[in-house]
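A.B. asks: 3D, please:
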Amino acid sequence: MKMLKCNLFPLKLIILLFLTMGLNVSLKAQITLFVSPNGYDKNSGTEILPFKTIKAAQYKARSQKGETTIYLRSGEYRIAETLIFTPQDGNTNKHLTVCSYPYEKVVISGGVRLKLKWQIYKKGIMQAKVSPMMDIDMLTINGKIASMARYPNFDSTAIRFNGTSADATSPERVKTCNNPNGGFFHAMHVSDWGDFHYRITGKDEQGNLKTEGGWQNNRPYGMSKDNRMVENIFEELDTHGEWYYDATESVLYYYPLPTEDIDNSVFEVSQLKHLLEFRGTAEEPIKNITMKNIEFTQTARTFMEKYEPLLRSDWTVYRGGAVIFDGTENCNLTGCYLHNLGGNAVFFSNYNRNSSISSSHITQIGASAVCFVGDASAVRSPIFNYHNYPPYEQMERQPEPKTNNYPANCTVTDNLIHTIGLFEKQITGVELSMCKSITVSHNSIYDVPRAGINVSEGTWGGHIIEHNDVFETVKETGDHGSFNSWGRDRFWHPNREEMNRIVAKEPSLILADVTSTIIIRNNRFRCDRGWDIDLDDGSSNYHIYNNLCLNGGIKLREGFYRVVENNILINNTLHPHVWFENSGDVFARNIVMAPYLPVNLLGWGANVDYNIFTNEKALAEVQKLGVDKQSIVCAVEFQDAELGNFAVKNSISQVFRIGFQNFNMDCFGVVSPNLKRLAKTPKITLPQIKTENTQANIIEWQGWNIKNLETLGERSATGMDTERGVYVVSLVKLESKLKNLLRENDVITKFNNKIINNLIDLQNAADQIDFNQTIEMMVFRNQKEISISIPKNSIIKK
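C.D. replies: Numbers count the residues shown, from 1 in each chain. The predicted structure is shown next:
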């Protein structure tokens with residue numbers, strides 16, 4: 001051993017000397033440049049003689065080798081065009097950091113400060129000429145986004161769009177508008193899945209609006225009749241805090257707040273869609289650039305820009321944001337503050353590797369916070385419409401993507417994301433589509449109109465979703481969860497019977513796209529208008545464990561190979577929807593507080609057992625379904641539920657004997673001290689015992705078990721827009737004359753030309769039929785209404 005030590009010492013010395021030499025080389029290679037709002041671009045860029053613009057420092061840095069740091073001194077940097085960084089700025093041999101000078105505030109803004117001379121218009125409204133003439137789409141006053149003149153007026157307590165009304169587009173109201181051209185019309189999807197946006201181009205003599213738009217939703221089944229809103233209409237300028245811009249005359253109208261000093265207020269308008277772009281390609285990526293401790297603000301709204309559909313998704317997406325990563329390697333955004341943005345905040349488009357956003361605060365933005373969206377040409381057998389599908393014989397069999405033009409191995413870590421989706425509702429905190437192995441960890445995400453984290457399809461899996469705190473979600477939409485996914489990959493078919501045949505014949509297709517398991521672990525979720533975790537259509541290859549679900553339970557619909565274990569479901573349960581034979585699903589060692597709520601199952605997966613129920617009646621109901629034979633009932637006691645610590649007390653030994661293990665209860669959400677001070681935490685509801693299965697009140701009708709469609713789970717399983725109609729549960733009499741006409745999971749919406757909202761409506765309509773006549777019935781099936789003709793004398797009179 002002594003000889004070994006003696007021989008190693010010179011080697012250690014050599015290594016140390018080598019590292020020291022390397023450090024000296026690195027230090028010598030470092031270049032420091034300075035920028036100040038008070039600088040001059042013909043300066044040398046030193047601390048004493050700084051540049052004035054970021055672009056001047058950028059060009060200077062291009063001529064340097066090694067590591068360069070550009071320090072931005074305190075102040076606002078209003079840019080008239082997008083800052084674009086390319087491989088000239090960062091590559092294998094060139095590292096660039098752009099950051100604020102220590103302890104100084106730096107703002108990069110795409111806004112223009114208006115110089116206004118206000119004059120009285122009438123009725124408390126002020127007017128001012130805007131010069132030069134410009135587009136004004138989003139206006140901030142003293143740093144806060146102001147409301148366009150709109151109907152109905154802005155209401156912070158309203159659920160959707162801060163106020164909607166069925167008569168927003170009624171001919172009677174439109175006729176009161178002299179010239180609505182240039183206004184906007186917004187409406188929710190008829191099923192609450194998202195929204196539509198239109199630019200108003202005029203009106204006809206009957207009072208109907210003329211519009212263009214509506215391309216923002218990929219399942220355009222129609223607009224809600226009730227949830228509608230119009231804005232930028234001059235006649236709607238009728239309350240304090242609203243504004244209207246007459247683009248033709250270049251005049252801004254504003255109705256000030258009662259105590260507002262508008263002469264000394266700052267009015268700003270956003271003029272850019274993008275503030276910063278990292279622009280490279282897969283063949284020549286931009287590398288090794290970090291933007292640090294910078295505030296980004298003021299981008300224009302983008303809901304009327306070109307949108308593209310995602311794979312068989314409800315969504316279309318605008319491929320842009322305040323900050324865009326496209327063709328990057330090891331490029332990072334860290335410690336930044338992004339706010340008052342009209343569209344997306346950060347967008348990772350196409351090829352990106354090992355790039356990240358971290359320790360940043362994103363709030364008050366129009367659309368999504370962080371998006372990863374790859375190139376659809378990398379997908380095998382891609383399909384974009386929900387109702388379409390690749391012919392089985394022509395379907396590509398090879399797994400993995402065709403190209404490398406998609407984000408992979410990137411991270412979203414330690415970010416505070418809240419109050420987003422101000423203008424668009426089909427958005428999310430973190431969006432993953434056509435990407436692989438993205439890590440989403442330690443983020444606090446809340447106050448979101450739709451899901452907090454969304455996985456759009458299986459391509460190509462490998463994501464890790466961990467240590468996030470996600471709550472106050474699905475606030476304006478419906479049929480989603482705090483975590484939401486679907487998996488309409490190449491094997492998926494809108495006809496479930498056909499899909500069942502495909503996967504039975506060739507099960508390898510299930511994992512042809514989602515080639516690596518998606519992990520959801522150690523998160524805290526709460527959804528009060530949906531599920532805490534919602535795996536929708538076809539979501540497959542998931543491992544879900546060690547999650548605290550505070551309210552909405554866990555839903556698994558259609559997919560395959562989901563392992564759900566060691567989760568705590570407060571005051572809720574498992575929602576298995578449309579499970580197939582041999583789905584391979586596992587639900588084990590979870591703490592459950594209510595009976596399962598199955599919908600239209602063909603099987604119970606590989607193993608549903610060894611769970612812990614909090615009351616005997618719940619377990620008894622579940623065991624009647626043929627599962628959970630080894631599960632137990634236990635009066636679970638938590639260490640400090642009132643403070644959110646749902647670790648099981650060590651004295652409750654039977655919980656641990658069945659295999660449940662406690663997990664950390666203080667590792668959810670952001671970790672940076674400055675973000676932790678700002679972040680909210682979810683409402684904690686103490687555990688309650690639920691013993692009743694909400695699928696009661698089933699009756700037999702014409703040989704079928706039916707019931708009112710009345711739960712969120714039934715609505716989701718059927719795709720209905722609201723809880724209405726009569727839900728067809730199961731066939732109970734093989735001799736039923738409606739055996740080949742109705743199907744399980746149908747919803748009867750019309751019978752004998754009568755609208756059917758519930759069982760009473762159906763019975764009343766059936767009592768009025770002429771048995772000698774063919775009867776028309778309308779049912780909702782596979783996401784659309786179909787008409788069924790019932791031959792005469794097929795209905796048995798009660």
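A.B. asks: before we move on, what SS does T68 have?
C.D. replies: Following DSSP: H, G, I helix; E, B strand; the rest coil, the label given to T68 is strand.
A.B. asks: What is the neighbour count of it?
C.D. replies: When neighbours are counted by other CB atoms under 10 Å, T68 registers 25. All C-beta atoms are positioned from the backbone trio N, CA, C, and that covers glycine.
A.B. asks: ditto for the one 3 residues further on
C.D. replies: Applying other CB under 10 Å, we find 21 other residues in the vicinity of Y71.
A.B. asks: ok but it is inside a strand, no?
C.D. replies: Yes. The assignment for Y71 (three-state DSSP) places it in a strand.
A.B. asks: nearest residue to the residue nearest the centre of the chain other than its sequence neighbours?
C.D. replies: Residue closest to the average C-alpha location in the chain (CA atoms, centre = their mean): T428, at 2.2 Å. Using CB to CB, 6 or more residues apart in numbering and skipping the chain neighbours, the partner closest in space to T428 is N454 (4.0 Å).
A.B. asks: What of Y542?
C.D. replies: Excluding its sequence neighbours, the residue lying closest to Y542 (CB to CB, 6+ apart) is R562, at 4.6 Å.
A.B. asks: Tell me how far the one you found lies from N572.
C.D. replies: Taking CB to CB, to the nearest Å as the measure, R562 falls 17 Å from N572.
A.B. asks: Looking at the two, which one has more neighbours?
C.D. replies: Legend: neighbour count by other CB under 10 Å for R562 and N572, higher for R562 (26 against 20).
A.B. asks: ok, which stretches of the stretch 351-500 of the chain are strands?
C.D. replies: All strands of the stretch 351-500 of the chain, identified by DSSP state E, counting those that start in this stretch, fall at 356-358, 361-365, 370-373, 407-408, 411-413, 416-418, 430-433, 439-441, 444-446, 453-455, 464-466, 469-470, 481-485.
A.B. asks: Tell me the bridge partners for V592.
C.D. replies: According to DSSP bridges, the partner residues bridging V592 are F613.
A.B. asks: what about the helices in the stretch 601-750 of the chain?
C.D. replies: Using DSSP state H, counting those that start in this stretch, the helices of the stretch 601-750 of the chain run over residues 616-623, 653-657, 673-678, 712-718.
A.B. asks: Which of those helices has the lowest mean pLDDT?
C.D. replies: Ranked by mean pLDDT, those bottom out at helix 712-718, which scores a mean of 80.
A.B. asks: Distance check, the nearest residue to I570 once chain neighbours are set aside against I519.
C.D. replies: Leaving aside its sequence neighbours, I570 sits nearest to L550 (CB to CB, 6+ apart; 5.1 Å). Distance, L550 to I519, by CB to CB: 20 Å.
A.B. asks: do D746 as well
C.D. replies: According to CB to CB, D746 stands 36 Å off from I519.
A.B. asks: Between these two, tell me which one has more neighbours.
C.D. replies: Each of D746 and I519 has its neighbours counted (other CB under 10 Å); D746 has more, 23 against 18.
A.B. asks: beta partners for I790?
C.D. replies: Applying DSSP bridges to I790 gives these bridge partners: I775.
A.B. asks: what sits against it?
C.D. replies: For I790, the contact set (CB atoms under 8 Å, 6 or more residues apart in numbering) comprises L738, L741, T774, I775, E776, M777.
A.B. asks: I figured the fifth one was touching S787, is that so?
C.D. replies: Yep, that's E776 we're talking about. Yes. At 6.2 Å, E776 and S787 qualify as touching, with contact defined as CB atoms under 8 Å.
A.B. asks: What ranges does this protein have for its helices?
C.D. replies: With DSSP state H, the ranges of helices along the chain come out as 2-29, 54-62, 171-174, 496-505, 616-623, 653-657, 673-678, 712-718, 759-767.
A.B. asks: can you count the residues close to the residue nearest to I570?
C.D. replies: For L550, the neighbour count with other CB under 10 Å is 25.
A.B. asks: any idea how far it lies from V563?
C.D. replies: Per CB to CB, L550 is found 22 Å from V563.
A.B. asks: Check K629 too.
C.D. replies: Distance, K629 to V563, using CB to CB: 19 Å.
A.B. asks: what's the answer for C371, then?
C.D. replies: As for C371, its distance to V563 is 28 Å (criterion: CB to CB).
A.B. asks: E249 too?
C.D. replies: Taking CB to CB, one finds E249 at 63 Å from V563.
A.B. asks: neighbour-wise, which of those two wins?
C.D. replies: Taking other CB under 10 Å, E249 and V563 do not tie; V563 has more neighbours (19 against 11).
A.B. asks: Neighbours of the nearest residue to that one once chain neighbours are set aside, how many?
C.D. replies: If the residues on either side of it in the chain are set aside, V563 comes closest to V586, at 4.5 Å by CB to CB, 6+ apart. As a burial measure, V586 scores 19 neighbours (other CB under 10 Å).
A.B. asks: Over to the one 3 residues further on?
C.D. replies: Neighbour count for R589, taken as other CB under 10 Å: 20.
A.B. asks: I'd guessed it sits against E565; true?
C.D. replies: Yes. Using CB under 8 Å, R589 is in contact with E565, at 5.0 Å.
A.B. asks: low pLDDT regions in this protein?
C.D. replies: The model of the chain has pLDDT under 70 over residues 1-29, 689-696, 734, 798.
A.B. asks: who's in contact with the closest residue to E305 other than its chain neighbours?
C.D. replies: Nearest residue to E305, sequence neighbours excluded (CB to CB, 6+ apart): Y318, at 5.1 Å. The contact partners of Y318, taken as CB under 8 Å, 6+ apart, are T302, F303, E305, K306, Y307, G343, N344, A367.
A.B. asks: what do you get for E268?
C.D. replies: With contacts defined as CB under 8 Å, 6+ apart, the neighbours of E268 are S109, G111, V112, R113, L114, L139, T140, I141, Q298.
A.B. asks: Kindly state the beta-bridge partners for it.
C.D. replies: Note on E268: beta-bridge partners by DSSP bridges are R113, T140.
A.B. asks: Quick check: it vs T164, distance?
C.D. replies: Between E268 and T164 the computed distance is 28 Å (CB to CB).
A.B. asks: Next: K402.
C.D. replies: 43 Å.
A.B. asks: again, but for D135
C.D. replies: 26 Å.
A.B. asks: quick revisit: nearest to G725, out of the contacts of E268: which one, please.
C.D. replies: L139 (44.0 Å; CB to CB).
A.B. asks: follow-up on the earlier one: okay, K402 and T164: which has more neighbours?
C.D. replies: Between K402 and T164, counted using other CB under 10 Å, T164 has the larger neighbour count: 21 against 14.
A.B. asks: and the more buried one, what does it touch?
C.D. replies: T164 sits next to P152, A158, M188, S224, D226, N227, R228, M229 when contact means CB under 8 Å, 6+ apart.
A.B. asks: Identify the bridge partners of the third one.
C.D. replies: Applying DSSP bridges to M188 yields these beta-bridge partners: D195.
A.B. asks: For the residue nearest to D89 when sequence neighbours are not counted, grab the count of nearby residues.
C.D. replies: Leaving aside its sequence neighbours, D89 sits nearest to L96 (CB to CB, 6+ apart; 5.5 Å). Residues lying near L96 (other CB under 10 Å) number 26.
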